[in-house]
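K.L.:
structure for this input, please:
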Amino acid sequence: MPGMVPRRDMVQGLMGVCAAMALSACISEPILTIPAAGDDASAGDDIGGADVGADGNETPDSAEVVDAPASTCPVTEGQRGWVALTPMSQGGRFGHGGAVVGNSLWAVGGIDRELNRLNTAISLDVDECVWRNQPSLPVAVNRPNVAAINGDLYVLGFLGARDAADGRSWVLRGGEFEWDELARMPEGRERGAAAVAVVDGEIVVAGGFRDGAAVAQADVYSPSLDSWRSIADMPDAQDRAVAAVVGGRMIVAAGRRGELTRLVPEPAIWNPQSASWSVGAAIPTPRAGAAAAAIGDEVFVAGGEGNPQSDEEVFNTFEAYNAATNTWRSVGGMPNPRHGASAGVVDGVFYIVGGAIRSGDASDLNRVNAWVP
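P.N.:
A predicted model of the protein is given here:
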């Protein structure tokens, strides 16, 4: 049974939580308050098991990185470009699922630097700059398919041991402290490492990885019915792609056909009105394992792996796709090359969380950065 941990992005204040429930529910795990980067963190401090450098962020084992200017968290009015925020608690992770719930960025499952799969969930309140432990999943998950709707967080399939596809699914409802089991993904369509987005109040799970290969399958989960239905296959089989919704359409970009030598440059676009897929303009920098989120009419795609110009094979590339004009533009580079990270947008600010700085290696990164347009 997962630990019962207060979700302070759902309720107001620790004192209010303790007043509303048994004291034991408030003390099973600590609420973590982590010094903001550039504030109280100092070199050599241990934050959630990660060594902290002079900038308040993890010091990578290798690979050269360029820091963003440190800020006093949270992001303040007038800041532009990249800023460094509160490092992840519990050390870094990559291959996790990410979602935005209220003003909090969630990281669910994934892999740590010892290549252990994780069942833990943590969240960062971007207003308070506080990481909080959240209820753990019943099992460890890699590359989970994660989405959030109306304060509820969903895990809809994942990769287990030896990357075996598993269709088990759960929801953590707002204000609750245990994951509830949901209908499994349809038999023969279980997968992890899919592109996931919320379209018209339902969750679309597109592509993914099963039995050692990428798939083109696409399915829709209905939270109100707790049921699945299949939709048309994607134009191309792909896994480790990213997705975001613009103008009611789901944009899937930056995937691979099961391996990094077979990248998919053209985004797939799902139109729920016509119940069909189309293909968009090719991404300038093909890659997989990126992180993405939408701001306005654009989908911002950050990082990824498959870089032949780098020994680490990882990108710090930051590009945006305009769904209205079917064009791409370069937004410059990120402070840290990374893949397997998660991203989200809160109040028009793009956040990227965790990831790894080398392809195919346990090089977790606990850095969190924000990009302010």
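
K.L.:
I'd say residue 181 and residue 167 touch.
P.N.:
No. Judged on C-beta atoms under 8 Å, residue 181 makes no contact with residue 167 at a distance of 11.6 Å. Glycine gets a C-beta too; all of them are placed from N, C-alpha and C.

K.L.:
the two: which has the busier surroundings?
P.N.:
residue 167 (21 against 11; other C-beta atoms under 10 Å).

K.L.:
show me the contacts for that one.
P.N.:
Residues near residue 167 by C-beta atoms under 8 Å, 6 or more residues apart in numbering: 157, 184, 185, 186, 187, 189, 190, 191.

K.L.:
excluding covalently adjacent residues, which one is nearest to the last one?
P.N.:
Using C-beta to C-beta, 6 or more residues apart in numbering and skipping residues adjacent in sequence, the residue nearest residue 191 is residue 208, 3.3 Å away.

K.L.:
hang on, the one you found packs against residue 157?
P.N.:
Yes. Checked against C-beta under 8 Å, the pair residue 208 and residue 157 is within contact range at 7.4 Å.

K.L.:
and residue 219, how far from residue 142?
P.N.:
In this view, residue 219 and residue 142 are 20 Å apart by C-beta to C-beta, to the nearest Å.

K.L.:
so between these two, which is more surrounded?
P.N.:
Set residue 219 next to residue 142 and count neighbours by other C-beta under 10 Å: residue 142 wins out with 26 against 22.

K.L.:
pLDDT score for the more buried one?
P.N.:
Note on residue 142: pLDDT of 97.

K.L.:
isn't it right up against residue 115?
P.N.:
No. Using C-beta under 8 Å as the test, residue 142 is too far from residue 115 to be in contact (9.8 Å).

K.L.:
run through the stretch 151-300 of the chain and note the low-pLDDT ranges.
P.N.:
Applying pLDDT under 70 to the stretch 151-300 of the chain picks out no residues at all.

K.L.:
end to end, how far does stretch 204-211 reach?
P.N.:
This stretch, stretch 204-211, spans 21 Å end to end (C-alpha to C-alpha, to the nearest Å).

K.L.:
okay, buried residues for that stretch please.
P.N.:
Under the neighbour-count criterion of 16 or more other C-beta atoms under 10 Å, stretch 204-211 has 204, 205, 206, 207, 208, 209, 210 buried.

K.L.:
so which of these belong to strands?
P.N.:
Counting by DSSP state E, the buried residues of stretch 204-211 place 204, 205, 206, 209, 210 in strands.

K.L.:
please name the residues that touch the fourth one.
P.N.:
Under the criterion of C-beta under 8 Å, 6+ apart, the contact list for residue 209 reads 143, 159, 163, 165, 191, 192, 193, 194, 215, 239, 240, 258.

K.L.:
not counting sequence-adjacent ones, nearest residue to the last one?
P.N.:
Excluding the flanking residues, the one nearest residue 258 by C-beta to C-beta, 6+ apart is residue 214, at 4.2 Å.
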